[in-house]
Structure formats: C-alpha cells, structure tokens
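> Next input, structure requested:
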Amino acid sequence: MKRWKYAVVLAGMVILTGCAETGNTVPESDEIPETFYEQMVETESKTETKPEEKSEESTTAVDYDLTIMGSDMVYATVYQMMTDPDTYVGKVFRIRGNYNTAWYEPTGQYYQYVVISDATACCAQGLEFVWEDGSHIYPDEYPQQNAEIEVTGIYEIYQEEGDNNLYCRLNNASLKILQ
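Modelled structure (predicted):
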C-alpha cells in the first residue's frame, strides 16, 4: 500500500513538472519582449545619476552608466541605441570596451570605436566616439588596438555629406585607457 502511495505521488510530481512552462520562449517577431523593457527601466533608474552628481572625467552628469551593468544588459542597451536612436539623442553615456579604429575610404577618415561584446563574447558591437573636439591625432595620441578603454560622451546621430545613411556616436567624449 505504501509503495502505491509513493508511486502516485511520484507520478503526480512528474506530470506537474512536465507540464510546467519553462519561460524560455522565443518571440515570433523582431519585437523585444516586454520583460526586456521592464529590466531596462530598472537598470536605467539604477544607473541614472542625480543632476548634482558629476563624473570625474567631465562636468556633465551621466545619464546611462553602462560600466555598472552586466554584459548582456550592456549589449542589449547598445542594440537598443542602434535600433531606436532618437530615444537616446542628447543623453550622456559611459561605456567600457575595447578600442578599435577603422579607415573609411569614401570620407578619407579614421573612425574610433569602443567595441562591446556580449557575455559569451560571440557577438560584438562597436559604438563610434569622437574624442573631445576631434583634434587628437591618430595613431599618435590614441591607445593601441584592442586596449581596454572607458568612454563618456553625448549620444548623437549624424549624416556624412552626400550619404543618406544615419550614423550614431558618442560626441565630445572623454577617453580613459584602462590597460
């Protein structure tokens, strides 16, 4: 009789466990689940500084400090900055990653980037930045490729002359070499 009771209890536990939802569903479209936005709002409220708080590098308050976020949240936030740039224009960001530069033949310019990887380091996104007023000379005054850096600057979108594409960057940025 005891074995029968144990068998019934065990079968019930297996049935209930097997029917539970895992919560690991993938959205059927490109829309980001509502929970992402809830997490982002929570993180934004934790990372936003009060207007009277100032960063060490500049006198501008930081709106989004990505240096205190986990790598997945940083990657998701940068993705949002790329897909919905109007939301972030004029906001001050602090971000940490690896320095990279790229030459673009049509404009005859070097562009500077802070490259951010996700938690598994399989995917990377680069966010362009302009160091202070843009007068620093590459490569003499810039860090070596892949050096770990921290950049704080004002998010903006812009167009190159004769190009219909929109680009985003951190402008008037401070640069701190961490390695």
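> mind checking the longest strand of the protein?
strand 92-104 (DSSP state E).
> Can you tell me which helices and strands the very next helix or strand once past that strand packs against?
Using DSSP states H and E, the next helix or strand after strand 92-104 towards the C-terminus is strand 109-117. Strand 109-117 is packed against helix 71-83, strand 92-104, strand 124-131, with contacts defined by 3 or more CB pairs under 8 Å, 6 or more residues apart in numbering; DSSP states H and E. From N, CA and C alone the C-beta is placed, and that goes for glycine too.
> one more time with 6 Å, if that's ok
strand 92-104, strand 124-131 (3 or more CB pairs under 6 Å, 6 or more residues apart in numbering; DSSP states H and E).
> before we move on, the earlier item: what angle do the longest strand of the chain and helix 71-83 make?
Interaxial angle of strand 92-104 relative to helix 71-83 (axes from the mean of the first three to the mean of the last three CA atoms, to 10 degrees): 70 degrees.
> ok, residues contacting strand 92-104?
The contact list for strand 92-104, computed with CB atoms under 6 Å, 6 or more residues apart in numbering, reads 60, 62-67, 110-116, 143, 146-147, 149-152, 154-155, 170.
> So which of the helices and strands packed on strand 109-117 is nearest I177?
Proximity to I177 (CB to CB) singles out strand 92-104 among those, at 7.9 Å.
> For E141, give its distance to T87.
Using CB to CB, to the nearest Å, E141 is found at 33 Å from T87.
> do A173 as well
Distance from A173 to T87, by CB to CB: 19 Å.
> If you count surrounding residues, which of those two has more?
The residue with more neighbours, out of A173 and T87, is A173; 27 against 10, by other CB atoms under 10 Å.
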